[in-house]
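> generate a structure from the sequence data that follows.
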Amino acid sequence: MKKLMALVLALVMVLLVCAGCGDKSKDKVIEPEAVASELVDGLNWDSEMVAYDEGDLRYYFDVTDATVIAGYCASTSTTEMVVAAQCEDEAAAQALESSMKQYLSDLKMEADRYQPEEVARVDKAVISRNGCAVVLCVSGDDRAADTVEAWLK
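Numbers count the residues shown, from 1 in each chain. Next up, the predicted model:
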C-alpha cells in the first residue's frame with residue numbers, strides 16, 4: 001500500500017510540474033542575425049544598411065549576456081534600423097521590449113528636434129515579441145509590420 005501511495009504521489013507531482021510549464025509550443029525561437037539580415041534584404045531602405053556592433057546593441061538596450069542580439073542601422077542620418085534578439089527567458093524579453101520602446105521614444109524626441117522628416121518613420125516602427133524572441137524594425141517600407149510578424153509566427 002505504501003508503494004502504491006508513493007507512486008500515486010509521484011505521478012501527481014509530475015502532472016503538477018507539467019501543468020505549470022504551460023504551452024511553450026507557440027514561443028518562437030529565432031536566430032537573430034538571420035532574421036535581421038533577411039529583413040534588411042527583404043524590405044526597401046532609403047539608406048545602405050550596415051551591421052551594428054554587438055557591444056553597441058547591448059549598451060543601447062541593456063541586455064543580459066545570455067541574450068543573442070544582432071541588427072543593422074542606416075549608414076546615413078536616417079532613423080532606419082533592424083534589431084532582432086533571442087532572450088534567455090520571458091522576463092528578459094519583456095525587459096528588452098520595454099527598453100526598445102524607451103529607445104524609440106528617445107529617438108523620436110531627437111528626430112523631432114533635428115530631423116522632423118524622420119518622425120513619421122519612427123512613428124511607424126514595429127516592435128514585436130513572441131515568447132523570448134523580440135524584433136524591432138524602423139523602416140519607411142509599408143510591408144515592415146507584416147514581414148516582422150511573419151518571422152515571429
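
> only C-alpha atoms from now on, for both contacts and neighbour counts.
Will do.

> which parts of this protein are helices?
Under the criterion DSSP state H, the chain contains helices at 2-21, 32-42, 54-61, 90-114, 119-123, 144-151.

> now the angle from the third one to helix 90-114?
Relative orientation of helix 54-61 with respect to helix 90-114: 90 degrees, computed using axes from the mean of the first three to the mean of the last three Cα atoms, to 10 degrees.

> what residues sit buried inside helix 54-61?
Neighbour counts over helix 54-61 (16 or more other Cα atoms under 10 Å) mark 57-58, 61 as buried.

> and it, what does it pack against?
strand 68-74, helix 90-114 (3 or more Cα pairs under 8 Å, 6 or more residues apart in numbering; DSSP states H and E).

> quick one: closest of these to residue 39.
Set against residue 39 and scored by Cα to Cα, the helices and strands packed on helix 54-61 come closest in strand 68-74, at 9.5 Å.

> re the thing from before, of all the helices of the chain, which lies closest to residue 83?
When these are compared by Cα to Cα, helix 32-42 sits nearest residue 83, at 6.2 Å.

> from the contact counts, what lies against the closest one?
strand 68-74, strand 81-86, helix 144-151.

> with only the CA atoms kept, save the second one in PDB.
It stands for strand 81-86. The C-alpha atoms that make up strand 81-86 are tabulated as PDB, following Å, rounded to 0.1, in the frame of the first residue of the first chain:
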ATOM      1  CA  MET A  81      17.200  50.100 -38.200                       C
ATOM      2  CA  VAL A  82      16.500  46.400 -37.500                       C
ATOM      3  CA  VAL A  83      17.300  44.700 -34.300                       C
ATOM      4  CA  ALA A  84      16.500  41.000 -33.500                       C
ATOM      5  CA  ALA A  85      17.100  39.200 -30.300                       C
ATOM      6  CA  GLN A  86      16.600  35.800 -28.700                       C
END
